[in-house]
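Undergrad: coordinates only, no sequence provided:
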């Protein structure tokens with residue numbers, strides 16, 4: 001896998017921190033890593049965005065790239081229109097990812113919000129970019145009540161486009177998960193039709209950087225370069 005597209009089932013569920021963990025683990029294994037954020041919204045010029053956060057957590061050896069940013073915290077197409085700036089189209093995303101893939105072992109493309117959020121006025125989405133790239137898609141999901149529906153909808157949308165769901169990662173798992181979150185560890189792979197490949201602890205992004213990098217592999221399954229075990233996690237919270 002040279003290019004992996006990372007999408008969320010919604011906003012504010014730990015997608016950026018998950019990308020940082022993926023990048024950190026891959027870099028620690030000696031792989032050259034690039035992170036591409038096609039459209040950063042809700043951040044003004046000169047302010048740190050998601051790419052800066054990934055580089056802070058994963059390390060300076062990771063390459064960061066951002067194609068466009070818009071000040072309003074909205075879907076990219078809407079934010080671009082309000083700012084009277086050019087939108088980012090799926091073909092541009094695919095082209096940028098392919099250029100990075102030519103000089104990196106792994107390229108992580110981080111979407112904005114969910115899979116079908118519009119990037120341009122024509123309705124182009126992250127799914128369209130993944131189709132052009134023929135890249136697998138990793139889904140970052142919430143832990144608690146409601147996540148089964150949004151995860152099922154996301155993976156169904158992937159399958160309808162003949163895209164491969166690499167797996168699901170829980171973006172922020174509480175230290176003391178409630179009943180719904182505990183049950184979801186078992187139910188998520190069933191509704192997704194894809195394996196559960198990790199769970200990041202709530203507050204992972206606030207850890208000291210050395211601690212984050214040292215622990216990142218324990219949050220991700222072997223398929224993602226880590227040592228996390230889904231069965232062990234389910235048993236822990238049973």
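TA: All right, it came through fine. From a predicted model like this one, the values you see are computed outputs, not experimental measurements. Residues are numbered from 1 along each chain as shown.
Undergrad: excluding its backbone neighbours, what's nearest residue 113?
TA: Leaving aside its sequence neighbours, residue 113 sits nearest to residue 11 (C-beta to C-beta, 6 or more residues apart in numbering; 4.8 Å). In this view, the C-beta of every residue, glycine as well, is placed from N, C-alpha and C.
Undergrad: next, the one you found: secondary structure please.
TA: coil (DSSP: H, G, I helix; E, B strand; the rest coil).
Undergrad: I'd assumed residue 111 was in contact with it.
TA: No - here residue 11 lies out of contact with residue 111, judged by C-beta atoms under 8 Å, at a distance of 10.4 Å.
Undergrad: now the nearest residue to residue 77 once chain neighbours are set aside. Its backbone dihedrals?
TA: Nearest non-adjacent residue to residue 77, counting by C-beta to C-beta, 6+ apart: residue 118, 4.0 Å away. Main-chain dihedrals, residue 118, degrees, to the nearest 10: phi -80, psi 130.
Undergrad: please apply the same query to residue 179.
TA: Given degrees, to the nearest 10, the pair of backbone angles that residue 179 has is phi -60, psi -40.
Undergrad: need the strands for this structure, in chain order.
TA: Using DSSP state E, the strands of the chain run over 3-8, 33-41, 63-70, 106-114, 137-141, 165-173, 196-201.
Undergrad: what residues does stretch 230-238 touch?
TA: 177, 181, 182, 185, 186, 189, 195, 196, 197, 199, 221 (C-beta atoms under 8 Å, 6 or more residues apart in numbering).
Undergrad: for the fourth one, which non-adjacent residue is spatially closest?
TA: Going back to what we said before, that points to residue 185. In this structure, residue 185 finds its nearest non-sequential neighbour in residue 234, 4.9 Å apart by C-beta to C-beta, 6+ apart.
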